[in-house]
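1. no sequence for this one, just the structure:
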């Protein structure tokens, strides 16, 4: 390719004349060529890139001005004879198809000239583009020829995954730009001239995959480090480290990678801070500098190791970046682990924080830096969002794409290395990298080299570990003793065929022997000499990425395989013990006042199948013991119908009014269903429970039914997204004195013009109701449900006036004004709608029919202004006109304003985690 590019900073556009010399290296005849036009993926709100942003709840792109997004404008595409060629956008806005003048046979060459203009997008979307200060970080800024392989064009859309597929290309670039800028690239700088305030730089390179260019007004934006292997050009900042120490670290990194992989084929490698931030070293080194717990230079070292290794692999190992990304990611993180083991073997995962007296008692403080990888993988697996390593990159949920998938792949290589021999596997990795550098390669080639390097079976790694969505969990199910031997029966608890390591330990916990089983799928046996063996442990060094290591222990005699351990505050799981945690808790409601006590529970930082908690508290307002507790068992399934079953029993007791208490006991079971595509937010639930409530009798309400039991069956359909949000449910309740059924549907639509429409509908009907003469405690509520099932987090659930009565929970009727009739003892149907006036300011309206046996049917409505600071979490409602009339003109208008405030930590966590899971 020969590219002549000129940047106009006034319009933030690059005008490009590009000549492409394409040789058909396949055996097929080609009648068209495909180009990656990923600059045009920013051109509208409906491109695959825009849809990806919406799936991840990233609102910035959708609300951006059209002129700041970026696009490609094609002026002309001509042949060598200057004849205009036909072109189209192909299957998407960022895939360009060019029809050739005549078919191109095997080995034949064609020359094209492309004239076009690139509007550079803002860098706030992907960290690449133009910044507010006018810096240009250019990636995918030109039309790159797609790869033709396996009989098809490998052209696909940009989804902000950094995975464009291009073949090695010889390139010459002539780039013109204002002379106040300096240009940084890892291409060879052939010439640079300045004329009339315009600087022109000529760059060249052979066998190039990426052509990233950075333009900065700061001449020192990038630092260059010369080594005897390669020149490293970096913009990753490090103010605390002396330049000579940085050089030492860079030189050590380059030599380590060269020893593990082989020779890098280019003279220089460029790593930008933009690229690093997209793939950082996750962990405590994301903490601010003033609380950085790591030794001086540690962060610089690991940041540059991760970035340089990534650049090496991305620029040279050309496996399919969307379909077989796992191999590069696995090698990348495996090398990072090896580097840490080599130079920082005792580095703790939380650094010097592990020495603080309040922390050093915890198991977390014992964990080393490399222990984070199985922890983060297990977070994926135990939340049942694990995906096979062979899953396409664009099918991964964000947590897996950014973190867990690479960690799981690296743990898999460690598993394979321990099984077949570490030196053997590392020789295979080096030989694979050396032989496949700058060639279109595949994971199957790596598999062939692994198989050829050892006599032990290795197909299980690729067929089972890589290609299946399955969990790993081995256990010792029995021991058979004889005079001179011990025979273990081992169980593989999941549907896979894999080996496991078995350790025989003495009384002091020292290893006597270690053996590997053959790969097995159900049960197998393995024997050891009896000698001084006191305990067997599977996967003792935790090299195998199991989801559950708690069942890996078996003593020769004794009662408990793992002793009980008490810990203050929640901690990382220590598989050697049965852990019980204690944590102080503080809560508040109007009647109990401030409540405080201790929570006793077994939940570690990672979820586990069986969880329990007991939370006794003392209420300083009610001067009584209150609190809650539960025991829950969750069974997860590899299949998604259902993907989990959750069952258990919960109970709680608090005040529901002044000096009046309630006690609730609820056994329950939930079936959860989802699509096979884990990025799809569509989920369905069937909830079955029986709520048993026991209340103190209220002397001011002689008609109340203080004790009751309600059977509840509920079906929920949920599909929340940024553009289209839908949730619906059908709810059936049965008690000795009533039976009712209701349905609720909520829909939210974000239009291309940034207008948002919210619609909610509710309909409820009593099948029979024998409570009509005893008040409206069990009736449908228009604006404030009585919450007889005690499901809602009311701060003052029995208040009829004052601030706490103004708390709004949008349920049942969903009205905001307090109208009459406020309840329905026969039936009710309502509709609630709102649309934005300006950004987070909305106009809302509610209308409904309320049916009571004695009053007949009443029509009600209200309208007002809604301030949605954080939708569904922090909102204010100001009633305007309703069935009462003009409400601001009525007395005590300040008492008519309603609010939604969510303070529950678990609910707030879902707000910030929804884009990751």
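-> Cool, the structure landed. In this text, all values refer to a predicted model and were calculated from it rather than measured experimentally. Numbering: from 1, shown residues only.
2. where does the stretch 701-850 of the chain dip in pLDDT?
-> 703 (pLDDT under 70).
3. What of the stretch 301-450 of the chain?
-> In the stretch 301-450 of the chain, residues with pLDDT under 70: 358, 361, 363.
4. Show me the strands in the stretch 51-200 of the chain, by range?
-> With DSSP state E, counting those that start in this stretch applied, the stretch 51-200 of the chain shows strands at 71-79, 87-88, 95-104, 109-119, 129-130, 136-138, 144-145, 147-149, 152-154, 169-178, 182-184, 188-195, 198-208, listed in chain order.
5. for the stretch 701-850 of the chain, same thing?
-> 707-719, 724-735, 738-750, 756-769, 780-781, 823-824, 827-838, 841-852.
6. you'd agree residue 306 is in a helix?
-> Yes. Membership of residue 306 in a helix is supported by DSSP: H, G, I helix; E, B strand; the rest coil.
7. how much space between it and residue 406?
-> 10 Å (CB to CB, to the nearest Å). For the C-beta atoms, the positions are set from N, CA and C on the backbone; glycine is no exception.
8. who has more neighbours, these two?
-> Neighbour count, other CB atoms under 10 Å: between residue 306 and residue 406, residue 406 has more, with 26 against 23.
9. isn't that one right up against residue 335?
-> No. Residue 406 lies out of contact with residue 335 (CB atoms under 8 Å); the separation is 11.3 Å.
10. quick one on the thing from earlier: now do the shared contacts for residue 306 and residue 406.
-> residue 332 (CB atoms under 8 Å, 6 or more residues apart in numbering).
11. what about the helices in the stretch 401-550 of the chain?
-> Ranges of helices within the stretch 401-550 of the chain are 405-420, 422-436, 443-452, 459-460, based on DSSP state H, counting those that start in this stretch.
12. Can you tell me what sits against the longest one?
-> Outside helix 405-420, the residues within contact range by CB under 8 Å, 6+ apart are 326-327, 329-334, 336-337, 373-374, 376-377, 380, 386-387, 389, 391, 396, 424-426, 450, 453-454, 456, 458, 461, 465-466, 499, 501, 516, 541, 543-545.
13. Give the PyMOL command for selecting the buried subset of those.
-> Applying 16 or more other CB atoms under 10 Å to these, the buried members can be selected in PyMOL as follows:
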select buried, resi 326+327+329+330+331+332+333+334+336+337+373+374+376+377+380+386+387+389+391+396+425+426+450+458+461+465+466+499+501+543+544+545
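14. Next step: the contacts of helix 405-420 restricted to strands.
-> Secondary structure assignment by DSSP state E places 501, 516 of the contacts of helix 405-420 in strands.
15. Name the nearest residue to residue 456, sequence neighbours excluded.
-> Nearest non-adjacent residue to residue 456, counting by CB to CB, 6 or more residues apart in numbering: residue 420, 5.6 Å away.
16. where's the one you found relative to residue 457, distance?
-> Taking CB to CB, one finds residue 420 at 9 Å from residue 457.
17. So for these two, which residue has more residues nearby?
-> Under the criterion of other CB under 10 Å, the comparison of residue 420 against residue 457 puts residue 420 first, with 21 against 14.
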